[in-house]
Every structure is written in structure tokens, then in C-alpha cells.
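S.K.: A structural model of the following input is requested.
(4 chains)
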2 protein chains.
Amino acid sequence: MVETFQLQMNEYLPLRDVVFQTLRQAILRGELKPGERLMEIHLAQQLGVSRTPVREAIRKLELEGLVLMIPRRGAVVAEITVSDLEDVLEVRMALEELAVKHACHSVTPGQLAEIRRLAEEFKNTLSGDDVAACAQADMRFHDAIYEATGNGRLVQILNNLREQMYRYRMEYLKDRKSHRNLIEEHDGILQALESRDEALAAQMTARHIECQKEYFIQMLGPRE
Amino acid sequence: MVETFQLQMNEYLPLRDVVFQTLRQAILRGELKPGERLMEIHLAQQLGVSRTPVREAIRKLELEGLVLMIPRRGAVVAEITVSDLEDVLEVRMALEELAVKHACHSVTPGQLAEIRRLAEEFKNTLSGDDVAACAQADMRFHDAIYEATGNGRLVQILNNLREQMYRYRMEYLKDRKSHRNLIEEHDGILQALESRDEALAAQMTARHIECQKEYFIQMLGPRE
DNA sequence: TGGAACAAGATTGTATACAAAATGCATAGA
DNA sequence: TCTATGCATTTTGTATACAATCTTGTTCCA
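M.R.: Next comes the predicted model:
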């Protein structure tokens, strides 16, 4: 099985960053599967670069937890167990609640309008078939809320936690049965933000995460 | 000004990891100051290794946000502003509360005994003069609580957030006026855990963080 | 047939080499 | 004196080289 992920050299970026992003996406999207070994020479040849940028990219993936380093054996794509996923979701729940509560009193009218627009945009993508576009739109909606907190560190951690679950979110979005709930949940969060009701916003957000959690666990439970 | 941080090659670890930990500590402890450039050859020579492990270490520091990469100019130690510190503390507050509440119902009697022992040990170190030892003991006390949650991701993030503030915590611990409060706060948390009172535990933890926050802000406020 | 020992190949860890870019200084000209 | 230009130096980005280690497969012996 020969994977073929291409480097996209749009702008001038160091190769290591391009390789990092390429490998990162390949892992998060499941093109590189858990347990698979990342061998430097092979990756380098496939991407048309030398080992050096590949190694540096792997160092970053290592810190992010996406690959596991085994000394003198190299990197393997990290497994994600149900238990890992539950751990991540528990932290995410706490931080998403923090974010939305914070946003309730820090969001500007302009940001609120943007969030409203993004919620609408998300609804529109759901009617289409492009799951990746849905994921993008969903991400932008939530990002707008994160940004409204003005807490850069919170934004960074939440982004990271969300991306840990990219694969599973895609499955969730593919399932049309979840669409109705998603729209309602986003609307709920939006309304809570508009009325600046912290408690309600937290509650809506918690439900939003909880629904995903149940789906993931149901999806993964039987397998492992 | 010639910095002299030595590599400590206790066990067999890849050089890149030794370099990473060495540079990381040097930054967190303030030996490498914000704004300072990290030049590969110099660091390599100083540490007695080649550029390769140094570069790989820098890639990890970059992802962690401890250094800032400027393309074709290299790495500089990231600035930490008061605002950054407040951001970190806000996230930490939420996650410390999550951890202690979780621990309230997941801590085993054995773990509780260990936490009690570590609280005692912390008190003992406070009577001495070794600030680093105090920091260690404090860390172990909190780690034991984190571990009691059984949530590996939460442990990892909390550890990381705590280390972001290493420098400032040291100042806090040096100030003998804070000792009395610290002991009381730890006792409060311990008692809440023993009675498995989630609300009280969260409240005690919040106060613990809040005190540190006030100290840090008071300390840094005038300067920047 | 089973297992241990050894050898060949593959892979990582580290060092070094080389090219491209950025910086800084010196010098020339207005 | 001030500015601009060009050259030398420094530094990064990438590639390659070499050694240490691990894996694997084969052979030999019990």
C-alpha cells in the first residue's frame, strides 16, 4: 500500500513546516494509521526532500502526541484508545465551558455578528455533501467563540484538543442523523451568547460535547 | 555574558532529548532571557554536540511556544507578558478545579495517604532554606492529585501549564510571607479531598490559584 | 524439528558539508 | 556628514555521510 500525500509548496515556508503540516494532516485524517511506522527515508523520498526536514517535523509531532517515539526504532503513529478519547473530551468539556462563559462577557457586537454568520454558514454546508467543508465551517464557528475570549493560550489548547479528534468528528459529520442536533446545539449556544447568559451557554456547550462523546464511544466501543 | 548550562547525561537518552530538557529548563528558569537569540552553533559548542540535536530540540521548544521562530533568522526566547500569565492562570484555574473535583470521587485510600504524606513533606521543606526543594515538594503534592484523576491528558496539560510559570513560582516560594497561606491552602484541599466534598475542593483550589495570581500580577505589574 | 548464533541489511542517531539568505561594516559618492 | 552600495561574515536551511543499533533471515547444531 503506497500512500501518496503531496507536499503543497504554495508559499515560501521552510520545508520542515510543510512536511510537518503534511504528516499531521495525514495522521489526523487517518491516511497514516495508528501503529504505522514512520520511516524517515521513505517519507523523505515520497515527499522529495531529505531526511532532515522530515526528522524535524517528527520532533514536533512527537511533542504534540501524534506519534510515539521508540528509541532507536523511530516513530509510530500513536494509538488513540477510547480511554484517551474520554480523557480528551473531559478536558475539552471544562475548557469549552470556560471559553463560552468567558465569551459571554467579553464578546463584542462585531464578533457576535461574525459568530452568527458562521453558524448560518455551517447550516448551509450541512445541506451539501462536502464533509470536509462542514468540518471547516464547524471549526470556524467554534474558533470565533474561542477568539472572543481574548485568551490566546485557551485558543491554542482548545484547537489542539479538537484536532486530536479530527478523524472521529468527520464520522460524526458524515452521519446525517446528527445534523439536526448540531444545528440546534449551535443555535442554543449562539442564543445564550446573545443574551450573555453564562449558565445557559455553559449548559448548551456541555450538551454539545456530550452528544459527540456519546457518538464516539458508541462508534469505538465495540471495536476495542 | 557566557551562559554555562551543562548537559546531564545520566542515562541513555537521545541527545536531542537531553538538549531539549536542558534548553527548556534554561528558559523556564530565566537563564535564557526573553528576546535572547538561540544560535545553533553556539549552543552546540557550549553543549558539546553538533547542530542536529540542537535543531531538533528547538523544533520542540517552538511547538511548545517557548521560542519564537523567525524564518531565516532563527529562534528567540519568547516573551512572557502579564497578559500571557493571566491567560495561563485562567486555564489552569479551570483545569485544577476539574482535577480536584474528579479526584474527589476517584482518589483511592492509598493515593489519599500519599497526598497527605506529600503535604506533610511540603511543610517540612518550607522550614528549610532550599527553595528548589520546596518547589519540588509542592509539585509532588499537586502531581499526586493530578494522578488521582486517572486522566493522562489532564495530567500532561496541567504539568505543562505549571511549568510555564516556574520562574514566578520560585519567587513566590522565596517570599516567606506566603508560607503560612500555602500550608493552609494545601490543608484545605487535602481535607476537602478526604471528605470527598467536590464543591469545597474546587473552592479551596480556586483560592490557592487566586493567591498566586495576585502575587504574580503584583510582582510583574509595575515592570511591564 | 526446534532453537541459538551469526551475518547481512535496514534504520536511526549524530556529525558534517554546502548553498542560500541575512546582517553588518566599510567605503565611495553626494 | 549622511546615505547608498557592495562585499565579507554569520547564520540558517537542507542534504549527505558515517557509525551504532536493531531487525531479519539463514544456517548450523542438538
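
S.K.: Not counting sequence-adjacent ones, nearest residue to A:Leu28?
M.R.: Nearest residue to A:Leu28 in three dimensions, chain neighbours excluded: A:Tyr166, at 4.0 Å (C-beta to C-beta, 6 or more residues apart in numbering or on different chains). Backbone N, C-alpha and C define where each C-beta goes, glycine included.

S.K.: Quick check: pLDDT value at that neighbour.
M.R.: In the prediction, the pLDDT value recorded for A:Tyr166 is 86.

S.K.: By residue count, what's the longest helix in chain A?
M.R.: helix A:82-106 (DSSP state H).

S.K.: What residues sit buried inside that one?
M.R.: Residues A:84-104 are the ones in helix A:82-106 that count as buried (16 or more other C-beta atoms under 10 Å in any protein chain shown).

S.K.: try stretch A:105-119
M.R.: Result for stretch A:105-119 [16+ other C-beta under 10 Å]: buried residues A:107, A:111-112, A:114-116, A:118-119.

S.K.: same question, stretch A:157-176
M.R.: Going by neighbour count (16+ other C-beta under 10 Å), the buried part of stretch A:157-176 is A:157-158, A:161-170, A:172-173.

S.K.: Spell out which residues of chain A are next to DNA strand D.
M.R.: Within chain A, the positions near DNA strand D by C-beta under 7 Å from any atom of the strand are A:14-16, A:49-53, A:71-73.

S.K.: Convert the C-alpha atoms of the helix or strand of chain A with the lowest mean pLDDT to CSV, please.
M.R.: For chain A, counting by mean pLDDT, DSSP states H and E, helix A:166-174 ranks last in confidence among helices and strands (a mean of 88). The C-alpha coordinates for helix A:166-174 follow below in CSV (Å, rounded to 0.1, in the frame of the first residue of the first chain):
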residue,chain,number,x,y,z
TYR,A,166,-10.4,15.1,13.7
ARG,A,167,-11.0,11.6,12.4
TYR,A,168,-13.9,10.9,14.7
ARG,A,169,-15.5,14.3,14.1
MET,A,170,-15.5,13.5,10.4
GLU,A,171,-17.5,10.3,11.0
TYR,A,172,-19.9,12.3,13.2
LEU,A,173,-20.5,14.9,10.5
LYS,A,174,-20.9,12.2,7.8
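
S.K.: quick one: buried residues of stretch A:124-133?
M.R.: Residues of stretch A:124-133 classed as buried by neighbour count (16+ other C-beta under 10 Å): A:125-126, A:131, A:133.

S.K.: In space, what's closest to the residue nearest to the spatial centre of chain A - neighbours in sequence excluded?
M.R.: The residue lying closest to the centre of chain A (C-alpha atoms, centre = their mean) is A:Glu163, at 2.4 Å. Distances taken as C-beta to C-beta, 6+ apart put A:Leu28 closest to A:Glu163, at 6.0 Å, once the chain neighbours are dropped.

S.K.: From B:Ala192, how far off is that neighbour?
M.R.: From A:Leu28 across to B:Ala192, the span is 39 Å (C-beta to C-beta, to the nearest Å).

S.K.: what's the answer for A:Gly30, then?
M.R.: 43 Å.

S.K.: Looking at these two, which is more packed in?
M.R.: Ranked by neighbour count (other C-beta atoms under 10 Å in any protein chain shown), A:Gly30 and B:Ala192 place B:Ala192 first, with 22 against 14.

S.K.: Now that one: which helix or strand?
M.R.: For B:Ala192, the enclosing helix or strand under DSSP states H and E is helix B:179-194.

S.K.: for that helix, which positions count as buried?
M.R.: B:182, B:185-186, B:188-190, B:192-193.

S.K.: I'd like those residues as JSON lines, with distance to DNA strand C and pLDDT appended.
M.R.: Putting the buried residues of helix B:179-194 into JSON lines (distance: C-beta to the nearest atom of the strand, whole Å; pLDDT from 0 to 100) gives the following:
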{"residue": "B:Leu182", "distance to DNA strand C": "40", "pLDDT": "96"}
{"residue": "B:Glu185", "distance to DNA strand C": "42", "pLDDT": "97"}
{"residue": "B:His186", "distance to DNA strand C": "40", "pLDDT": "97"}
{"residue": "B:Gly188", "distance to DNA strand C": "45", "pLDDT": "97"}
{"residue": "B:Ile189", "distance to DNA strand C": "40", "pLDDT": "98"}
{"residue": "B:Leu190", "distance to DNA strand C": "42", "pLDDT": "97"}
{"residue": "B:Ala192", "distance to DNA strand C": "44", "pLDDT": "97"}
{"residue": "B:Leu193", "distance to DNA strand C": "40", "pLDDT": "97"}
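
S.K.: Now do A:Glu163, the pLDDT please.
M.R.: As predicted, A:Glu163 sits at a pLDDT of 86.

S.K.: and what of A:Ala113?
M.R.: 97.

S.K.: what's the distance between it and DNA strand C?
M.R.: A:Ala113 is 39 Å from DNA strand C, where distance means C-beta to the nearest atom of the strand, to the nearest Å.

S.K.: Likewise for A:Lys33?
M.R.: Plainly put, A:Lys33 is 16 Å away from DNA strand C if you go by C-beta to the nearest atom of the strand.

S.K.: can you check A:Ala75 too?
M.R.: Distance from A:Ala75 to DNA strand C, by C-beta to the nearest atom of the strand: 7 Å.

S.K.: just checking, what packs against the helix or strand hosting that residue?
M.R.: Here A:Ala75 sits within strand A:74-77, counting by DSSP H and E. When contacts are defined as 3 or more C-beta pairs under 8 Å, 6 or more residues apart in numbering or on different chains; DSSP states H and E, strand A:74-77 packs onto strand A:37-38, helix A:51-64, strand A:67-70.

S.K.: Now do A:Gln25: how many residues are near it, please.
M.R.: 14.

S.K.: quick one: the helix or strand it falls within to helix A:51-64, angle?
M.R.: A:Gln25 belongs to helix A:15-28 when assigned by DSSP H and E. Here the directions of helix A:15-28 and helix A:51-64 differ by 50 degrees (axes from the mean of the first three to the mean of the last three C-alpha atoms, to 10 degrees).

S.K.: if we can go back for a sec, against which helices or strands is the longest helix of chain A packed?
M.R.: Counting contacts by 3+ C-beta pairs under 8 Å, 6+ apart, helix A:82-106 is packed against helix A:131-149, helix A:152-163, helix A:179-194, helix A:198-220, helix B:82-106, helix B:152-163.

S.K.: will you turn these into a markdown table that also has distance to B:Phe216?
M.R.: Below are these laid out as a markdown table (distance: least, C-beta to C-beta, whole Å):
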| stretch | distance to B:Phe216 |
| --- | --- |
| helix A:131-149 | 20 |
| helix A:152-163 | 15 |
| helix A:179-194 | 30 |
| helix A:198-220 | 26 |
| helix B:82-106 | 6 |
| helix B:152-163 | 13 |
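
S.K.: from the helices and strands packed on strand A:74-77, which stretch is densest packed?
M.R.: Among these, helix A:51-64 has the highest mean neighbour count (mean count of other C-beta atoms under 10 Å in any protein chain shown), at a mean of 21.

S.K.: Run through who's touching that helix.
M.R.: With C-beta atoms under 8 Å, 6 or more residues apart in numbering or on different chains as the test, helix A:51-64 has contacts from A:14-20, A:22-24, A:27, A:38, A:40-41, A:43-44, A:47, A:67-69, A:75, A:160, B:16, B:52, B:55-57, B:59-60, B:62-64.

S.K.: Cool, thanks, signing off.
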